[in-house]
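# I would like the atomic coordinates for the input below:
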Amino acid sequence: MMSRRAVTRAAAIGVVLHTFTVLWVWWRWDVFERGIVIALLDLPGSFGYMHLDGRPLLIWSLVAGGLQWGALAALLAVLVGRAARGRAG
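Numbering: from 1, shown residues only. Have a look, this model is predicted:
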């Protein structure tokens with residue numbers, strides 16, 4: 001049986017890491033470069049909001065990109081859990 005706690009924690013960690021990374025890029029990088037980096041960070045989800053600029057880009061990246069990275073982290077936790085159970089038993 002899959003550990004829901006592990007999957008939930010992995011998803012939360014994915015969202016938090018994405019949020020910190022996007023905010024760091026937003027505050028530290030130049031205006032032109034940060035849009036490119038954020039779009040690359042959130043591929044393929046960024047195709048939906050790549051045309052935006054300024055705060056709307058930041059907000060959509062935090063929401064949509066955070067959900068995307070949380071889902072990927074949860075999926076990775078499920079796959080690792082299945083692989084570990086398969087080896088153990």
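# now do whichever strand or helix holds residue 26: which elements does it pack against?
Assigned by DSSP states H and E, residue 26 belongs to helix 4-28. Judged by 3 or more C-beta pairs under 8 Å, 6 or more residues apart in numbering; DSSP states H and E, the packing partners of helix 4-28 are helix 31-41, helix 66-88. For every residue, glycine as well, the C-beta is placed using N, CA and C.
# is it possible to export those to JSON lines including distance to residue 8 and mean neighbour count?
Listed next are the helices and strands packed on helix 4-28 as JSON lines, based on distance: least, C-beta to C-beta, whole Å; neighbours: other C-beta atoms under 10 Å:
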{"stretch": "helix 31-41", "distance to residue 8": "23", "mean neighbour count": "15"}
{"stretch": "helix 66-88", "distance to residue 8": "8", "mean neighbour count": "14"}
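# which one of the ones you listed lies nearest to residue 3?
Taking C-beta to C-beta, helix 66-88 is the member of those nearest to residue 3, at 6.3 Å.
# that closest one: how far from the chain's middle?
Its chain's average C-alpha position is 14 Å from that of helix 66-88, according to C-alpha atoms, centre = their mean, to the nearest Å.
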